[in-house]
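Participant: requesting a structural model of the entry that follows:
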Amino acid sequence: MNNDALAVFTTRSCSLQDTQRLAADLAALSAAGMVIGLDGDLGAGKTAFSQSFARHLGVEGVVNSPTFTIIKEYAGRLPLYHMDVYRLSLEEADELGLDEYFYGQGVCLVEWSSLIAELLPPERLNIQIETADVDERVITVTGIGEPYAAMCRALTEKWGNLR
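Facilitator: Down below sits the predicted model:
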């Protein structure tokens, strides 16, 4: 992988609306077969991000965290496979056959993805949401491989990059 195939974008979200705008921008850049890992502490905003991402991908209706169902499938501009692997061991996740989703025609949005990092495709987008204050988050988006690095570069052009 060359240096252009890895890019990092970091921003500060000072409101729910900021986080929703970032999710909207990423949804607009999404294509079939993309895998997006989403990590952060409880209450950091993973589900709020996911809801906005889904809405801007054209998903209608309620989108909530699939904590107990593990995977929820939604129809939109692209199929959305929203996963929450918090309660799974690596072995349980492996037995679910997630590869069918990861290498399918939809977009996979995986909450708590770091727990199954070994199972994720080597090329993907990783999003880390860190709580900085009550309403403030630091969001780091890491694109590994193309087109994910290109997504980070596009975000940097539009938003600037927190240094």
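Participant: drop to CA atoms for contacts and neighbour counts, all remaining ones
Facilitator: Noted.
Participant: buried set for stretch 35-44?
Facilitator: Across stretch 35-44, burial judged by 16 or more other CA atoms under 10 Å covers Val35, Ile36, Gly37, Leu38, Asp39, Gly40, Ala44.
Participant: kindly reformat the residues you listed as a markdown table containing pLDDT, distance to Glu92 and secondary structure.
Facilitator: A markdown table is the format used below for those (pLDDT from 0 to 100; distance: CA to CA, whole Å; DSSP: H, G, I helix; E, B strand; the rest coil):
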| residue | pLDDT | distance to Glu92 | secondary structure |
| --- | --- | --- | --- |
| Val35 | 98 | 19 | strand |
| Ile36 | 98 | 20 | strand |
| Gly37 | 98 | 18 | strand |
| Leu38 | 97 | 19 | strand |
| Asp39 | 97 | 19 | strand |
| Gly40 | 96 | 21 | strand |
| Ala44 | 92 | 25 | coil |
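Participant: residue boundaries of the strands in the chain?
Facilitator: Under the criterion DSSP state E, the chain contains strands at 6-13, 35-40, 71-74, 80-84, 107-111, 124-131, 137-144.
Participant: which one of those lies closest to Ala54?
Facilitator: Closest to Ala54 of those is strand 80-84 (CA to CA; 7.3 Å).
Participant: counting contacts, what elements does that closest one pack onto?
Facilitator: strand 71-74, strand 107-111 (3 or more CA pairs under 8 Å, 6 or more residues apart in numbering; DSSP states H and E).
Participant: try it again at 10 Å.
Facilitator: With contacts taken as 3 or more CA pairs under 10 Å, 6 or more residues apart in numbering; DSSP states H and E, strand 80-84 sits against strand 35-40, helix 46-56, strand 71-74, helix 99-102, strand 107-111.
Participant: how far out from the middle of the chain is stretch 114-125?
Facilitator: A distance of 11 Å separates the centroid of the chain from that of stretch 114-125, by CA atoms, centre = their mean, to the nearest Å.
Participant: ugh, wrong one, stretch 10-21
Facilitator: On the basis of CA atoms, centre = their mean, stretch 10-21 sits 14 Å off its chain's mean C-alpha point.
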